[in-house]
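K.L.:
Here is my input; please provide its structure:
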Amino acid sequence: MIFLCIIAIAFAFLAWVKRPLSLALLVVFLPVYQIRYSAFGIPFTLLEVCILILTVVWLIQMFIRREHIQAPYRWAILAFCVAGTIALAVSVDIRAGLGLWKAYIIEPVLVYLVYMNTIRTQKDRRYIHWALIILLLYISAGALAQACGWMHIPEPYASEAPQRATSVYPFPTAIGKITDQLIAFSLVFIAFGVSSFRAGIKRRLFGFTIATVFGVLGLFLSVNRGALLGVAASIFLIALMSRRKVITFSILGLVCIGLLFVPTVQTQIQKVFSRTDTSTDVRVVMWQGTWRLIAHHPITGAGLGGFPVLYDQYRDASHVELFPNPDSLYLTLWSEMGLYGIVAFFWIFVLWFRGCIRALKGNQYGSVEWLIGLATLAALVTFLVHGIVDTPYFKNDLAVLFWVLFALVIQNERRVSHD
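P.N.:
Model prediction:
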């Protein structure tokens, strides 16, 4: 608690004197949600303490300065919060649902609001870009450190063949869930940023390049196939936007053919198509059980935090595993937040996509606004494709990252000046 108080005081001071920098620092240290405390019987994480401090500082400063709160697309945001609140109210496990409600619904939306009322200048925006670079870099560096034997890999992943890195997380899929969107974002700057090779973008371009190299290596070391599939989808999008499509697709084709000769890739493909892959088998059975649950609760689902409770009634008798969610973004949305949750999320996705398209159409090819439009679109494509076989939202750090990227999209859509 002494450590928590010191961190909280230091972060509050930084937020008061330099709020944009404190928001960037929050993004850098998203994995600190794993540092958990309990006070008066209430559990909380270091990440949410920082979010609440930043929110309080922002509200106080807004009141003192008599500024108006900027909340673009407030009806969509409100619909999302209402959907989450209804999902909490109908949950079969209110206690668990309350924790998910504040971690996946309320706190990420607070970060969105703070972002929209804090990040205003080009310098502020660069803070966020560097925060994304540093986040990708050190998570991936942790995976490399484990591969080199400098960091411990927890069991059973240390004994698997191939060995799977976990970096700063307790399990390997956590690496791909957060780094794939960052890699997709970075790849756009690398592929098209040369046309904006000025002093400001030059330094960021170097940072994105280094972070992406580490990120791709980290993904392979974690053996996260869903994340790799998402990144592949973003690369296809980037190639589609290239002015030299024939050359770009030819290079991509040769790279894909070359990967087929890599022993690890061959093994993973063989496992999937031979039905000997445990991960694939478990997912298919789990999805079947989830569909049975949804068929009995099509409108409300199980409610926030309710899936582990109800799933036991619908799972296949041959599988004894119990899971916090069905390892699919879309099935998780339906089973945890019901049909109204799917509608609310779809509204957000539409706004995200529209904001990206407007940035691409309304700005010069290669400009920073154009780059951000395509980068956030690539991140969205990665998110949606990865979401077919995993849940790249329902985790504390992932939910906040989602809303930070969404805020970046909306703010970029509204900008008219250029770097």
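K.L.:
For the rest of this, base every contact and every neighbour count on C-alpha atoms.
P.N.:
Fine.
K.L.:
which residue ranges form the helices in the stretch 151-300 of the chain?
P.N.:
For the stretch 151-300 of the chain, the helices defined by DSSP state H, counting those that start in this stretch cover 173-192, 199-222, 225-241, 245-259, 263-273, 278-296.
K.L.:
Quick check: which of these is buried the most?
P.N.:
Comparing the helices of the stretch 151-300 of the chain by mean neighbour count (mean count of other Cα atoms under 10 Å), helix 173-192 comes out on top with a mean of 26.
K.L.:
Could you figure out how far that helix is turned away from helix 225-241?
P.N.:
For helix 173-192 against helix 225-241, the angle by axes from the mean of the first three to the mean of the last three Cα atoms, to 10 degrees is 10 degrees.
K.L.:
tell me what helix 173-192 is packed against?
P.N.:
When contacts are defined as 3 or more Cα pairs under 8 Å, 6 or more residues apart in numbering; DSSP states H and E, helix 173-192 sits against helix 122-147, helix 199-222, helix 225-241, helix 368-386, helix 396-414.
K.L.:
what pLDDT does the residue lying closest to Ser22 once chain neighbours are set aside get?
P.N.:
Distances taken as Cα to Cα, 6 or more residues apart in numbering place Ala15 nearest to Ser22, at 5.1 Å, with adjacent residues excluded. Note on Ala15: pLDDT of 96.
K.L.:
okay if I get the helices and strands packed on helix 173-192 as TSV plus distance to Phe349 and mean pLDDT?
P.N.:
What follows is these, written out as TSV (distance: least, Cα to Cα, whole Å; pLDDT from 0 to 100):
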stretch	distance to Phe349	mean pLDDT
helix 122-147	21	95
helix 199-222	25	87
helix 225-241	16	89
helix 368-386	8	94
helix 396-414	9	95
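K.L.:
How much space separates the residue minimising distance to the centre of the chain from Leu47?
P.N.:
Taking Cα atoms, centre = their mean as the criterion, Leu398 is the residue nearest the geometric centre of the chain, at 3.8 Å. Relative to Leu47, Leu398 is positioned 12 Å away (Cα to Cα, to the nearest Å).
K.L.:
Let me see the residues that make contact with stretch 113-128.
P.N.:
The contact list for stretch 113-128, computed with Cα atoms under 8 Å, 6 or more residues apart in numbering, reads 19-21, 23-24, 27, 54-55, 58, 69-71, 404, 407, 411, 419.
K.L.:
In helices, which of those fall?
P.N.:
Arg19, Pro20, Leu21, Leu23, Ala24, Val27, Leu54, Thr55, Trp58, Val404, Ala407, Gln411 (DSSP state H).
K.L.:
Do I have it right that the third one meets Phe13?
P.N.:
Meaning Leu21. No: using Cα atoms under 8 Å, Leu21 is not in contact with Phe13; the gap is 11.4 Å.
K.L.:
Please compare these two by neighbour count and tell me which comes out ahead.
P.N.:
Leu21 (21 against 16; other Cα atoms under 10 Å).
K.L.:
and the gap between the more buried one and Trp403?
P.N.:
Per Cα to Cα, Leu21 is found 17 Å from Trp403.
K.L.:
Using the three-state scheme, assign Phe11.
P.N.:
helix (DSSP: H, G, I helix; E, B strand; the rest coil).
K.L.:
and it, what is it in contact with?
P.N.:
Contacts for Phe11 (Cα under 8 Å, 6+ apart) come out as Ser22, Cys50, Ile53.
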